[in-house]
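> Give me the fold of what follows.
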Amino acid sequence: MALPAAIYIGINMGTPENLGGWAIPAATDIAFALGILTLLGPRVPVALKALLLAIAVIDDIGAITIIALFYTAETNVNMLIGAAVTLAVLAMFGRGRVASSVPYVLLGVVLWVFVLKSGVHATLAGVAAAMCVPITGRGGEAPLERMEHALHPYVAFLVIPIFGFANAGVSLSGVGLDTLFSPLPLGIAAGLVIGKQLGIVGFAWAAVKAGFATLPAGVSWRQIHALSLLAAIGFTMSLFIGNLAFADPVQVDAVKIGVLSGSLVAAVAGYLMLRATLPEPVEAEPQAAS
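Reported below is the predicted structural model:
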């Protein structure tokens, strides 16, 4: 996440009004990255899917933390105390492995209101509340999985499409190379495409060489490289941060151009590279006639 931000800052050093968008290329879009990975079906090693999922989830938690710390104008201490108390009660329910969804939903709404009124961006409330829901309840139930499955259709088929259509719309009339290579969209696109590759491949290589980690069986460095490109798809989270960072419509449109161009390049390049590095699917042998 640091390297994409650093590349963005380096390209926009001469335009101080753009520096507030430094966190835009740090984000990864979980849905799109995993969606492209699933296009290749069972050829993709399970370890590679797990790595991309881990990177995307931790990346989004990091992006939400950045929003809370750097894109909050004023804070209301009393509301923050109320949020902390509510979160503590939620944690007690989770610690007690209460399986019912009711207390988590009700207290989650209260937590969201407190966080919203505190001045901190309310997206943080959802992450905090979800962390309190236990994986396994006292009766052997799975409340976290049950709630996730209940919410998934609404998120996948309603929330994300509405957000995408509402925020991705930008007029491309008059957009030329000079627009694409202006500091703001170029910084975002380069931060996503170049920064994610350097960050993921570089730190993974360093971790393996230092002995902190090992490369999973059946996974090659070329596949890790392709995965780093898929992780460069920023889309929804990048657009979200861009809307928080800038109020000027011209800058907001430039953010959309940078996010869309960078994410498109990353998606196509990542898919083609991964397809070329994965083993060919094994065809089932025809059954002998009886």
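
> pretty sure G139 contacts V98?
No. With contact defined as CB atoms under 8 Å, G139 does not reach V98; the gap is 10.1 Å. (Glycine included, C-beta is placed from N, CA and C.)

> the more surrounded of these two?
Neighbour count, other CB atoms under 10 Å: between G139 and V98, V98 has more, with 18 against 8.

> can you pull the contacts of that one?
Residues near V98 by CB atoms under 8 Å, 6 or more residues apart in numbering: Y104, P134, G137, R138, P143.

> Give me the distance between it and Y104.
8 Å (CB to CB, to the nearest Å).

> Now do the helices in the chain.
For the chain, the helices defined by DSSP state H occupy 2-11, 30-38, 46-70, 77-95, 102-118, 123-130, 143-154, 160-168, 177-180, 183-190, 196-210, 221-230, 235-245, 249-277.

> Turn these into CSV, including distance to E17 and mean pLDDT.
Below are the helices of the chain laid out as CSV (distance: least, CB to CB, whole Å; pLDDT from 0 to 100):
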stretch, distance to E17, mean pLDDT
helix 2-11, 13, 96
helix 30-38, 29, 84
helix 46-70, 16, 87
helix 77-95, 31, 94
helix 102-118, 28, 93
helix 123-130, 25, 86
helix 143-154, 38, 88
helix 160-168, 21, 70
helix 177-180, 17, 73
helix 183-190, 9, 95
helix 196-210, 25, 95
helix 221-230, 30, 94
helix 235-245, 11, 87
helix 249-277, 8, 91
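
> Minimum distance to N18: which of those has it?
Each of those was scored for nearness to N18 using CB to CB, and the closest is helix 183-190 (4.8 Å).

> The closest one to helix 2-11, inter-axis angle?
Relative orientation of helix 183-190 and helix 2-11, computed by axes from the mean of the first three to the mean of the last three CA atoms, to 10 degrees: 150 degrees.

> what is the orientation angle of helix 183-190 with helix 249-277?
Here the directions of helix 183-190 and helix 249-277 differ by 20 degrees (the same axes, to 10 degrees).

> by contact count, what packs against helix 183-190?
helix 2-11, helix 177-180, helix 249-277 (3 or more CB pairs under 8 Å, 6 or more residues apart in numbering; DSSP states H and E).

> which one of the ones you listed lies closest to G211?
G211 sits nearest to helix 2-11 of all the helices and strands packed on helix 183-190, at 22.6 Å, using CB to CB.

> what sits against the residue lying closest to L51 once chain neighbours are set aside?
Leaving aside its chain neighbours, L51 sits nearest to L227 (6.5 Å; criterion: CB to CB, 6 or more residues apart in numbering). For L227, the contact set (CB under 8 Å, 6+ apart) comprises L48, L51, L52, I55, I200, G270, L274.

> what about the nearest residue to G96 once chain neighbours are set aside, how many neighbours?
Once flanking residues are discounted, G96 sits nearest to R138: 7.6 Å by CB to CB, 6+ apart. Neighbour count of R138, defined by other CB under 10 Å: 11.

> now the one 10 residues further on
E148 is surrounded by 13 other residues when neighbours are defined as other CB under 10 Å.

> what does G218 give?
Using other CB under 10 Å, G218 has 11 neighbouring residues.

> how near is it to G211?
21 Å.

> can you list contacts of stretch 232-241?
With contact meaning CB under 8 Å, 6+ apart, stretch 232-241 is reached by 21, 23-29, 31-33, 36, 60, 63, 66-67, 71, 160, 163-164, 167-168, 188, 192-193, 195-197, 255-256, 259-260, 262-263, 266-267, 270.

> ok, of those, which come out buried?
If you count burial by 16 or more other CB atoms under 10 Å, the buried members of the contacts of stretch 232-241 come out as 21, 23-29, 32-33, 36, 60, 63, 66-67, 71, 160, 164, 167, 188, 192-193, 195-197, 255-256, 259-260, 262-263, 266-267, 270.

> hmm, which two among the contacts of V98 are most spread apart?
Greatest spatial distance among those (CB to CB): Y104 and R138, at 14.3 Å.
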